[in-house]
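K.L.:
Provided below for reference: sequence and predicted model.
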Amino acid sequence: PGIVCTNLNIAPGQRVAVKGDVLPGAKSFAINLGKSPDVLLLHFNARFDAHGDVKTIVCNSKNKGQWGKELRETNFPFQEGTTAEVLFTHDKKEVIITLPGNHQVKFPNETGLENIEFVCIDGDLNFRSLSLV
Ligand SMILES: CCCO[C@@H]1O[C@H](CO)[C@@H](O[C@@H]2O[C@H](CO)[C@H](O)[C@H](OCc3cn(Cc4cccc(C#CCN)c4)nn3)[C@H]2O)[C@H](O)[C@H]1NC(C)=O
């Protein structure tokens, strides 16, 4: 895996900003938020060309290691070789994802997680920062 942040205590309503550099030739990157690798409020997977998807955002949750139901978004405001920032806000009901260009995607909170303790970045995104904004 890439960068892992643990022992966080991000409460509902707080806005998390994840910034990173999308690698040239990027195929796929993921930003995972939740309690642990097996309990994810949100797996946010930007697929430039991966698993048969082209320029598609795939969101999913994970509970006790089991994937939930995918949500796909074809508004794909990421470009290889540029810096990207994605904002996440959550409550008991849903996660609201603000993409570059301020398009928003809503994903149901299937895990019922209150606080986010774990964030990890995987794939073709070089982590720059995680901040509360
Ligand atoms: C049509 C019948 C079949 O349906 C397909 O079935 C696949 C398997 O279930 C799903 O794919 C899974 O989808 C899941 C979300 O739901 C997950 O993304 C999971 O990946 C976990 C995972 C994370 N990481 C780390 C990492 C992350 C990002 C970048 C890199 C890199 C790199 C260097 N370039 C590495 N590695 N694996 C993926 O495999 C497809 O969406 C799904 N497709 C559809 C249309 O339904």
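P.N.:
That came through fine. Residues are numbered from 1 along each chain as shown.
K.L.:
got the contact list for the residue of the chain found nearest the ligand?
P.N.:
Ranked by CB to the nearest ligand atom, the top residue of the chain for proximity to the ligand is residue 123, at 2.5 Å. Any C-beta I mention is one placed from the backbone N, CA and C, and that applies to glycine too. By CB atoms under 8 Å, 6 or more residues apart in numbering, the residues touching residue 123 are 2, 26-30.
K.L.:
which of the residues you listed sit farthest apart?
P.N.:
Greatest spacing in the contacts of residue 123, by CB to CB: 2 and 27 (14.1 Å).
K.L.:
make CSV out of the contacts of residue 123 and add distance to residue 42.
P.N.:
Shown next, in CSV, are these (distance: CB to CB, whole Å):
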residue, distance to residue 42
2, 16
26, 20
27, 20
28, 16
29, 14
30, 10
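K.L.:
just curious, which of those is nearest to residue 49?
P.N.:
residue 27 (5.4 Å).
K.L.:
that closest one reaches residue 48, doesn't it?
P.N.:
Yes - assessed by CB atoms under 8 Å, residue 27 is found in contact with residue 48 at 5.5 Å.
K.L.:
these two: who's more crowded?
P.N.:
Each of residue 27 and residue 48 has its neighbours counted (other CB atoms under 10 Å); residue 48 has more, 21 against 14.
K.L.:
give me the buried positions along the helix or strand the more buried one falls within.
P.N.:
Secondary structure assignment for residue 48, by DSSP states H and E: strand 39-50. Neighbour-count burial for strand 39-50, counted by 16 or more other CB atoms under 10 Å, picks out 39-48, 50.
K.L.:
which residues are in contact with stretch 41-52?
P.N.:
26-35, 53-62, 67, 76, 78, 80, 86, 88, 90, 95, 97, 107, 109, 111, 113, 116, 124-125.
K.L.:
what residues does this protein put near the ligand?
P.N.:
27-30, 43, 45, 51, 58, 60, 67, 70, 122-124 (CB under 6 Å from any ligand atom).
K.L.:
which members of those residues are classed as buried?
P.N.:
28-30, 43, 45, 58, 60, 122-124.
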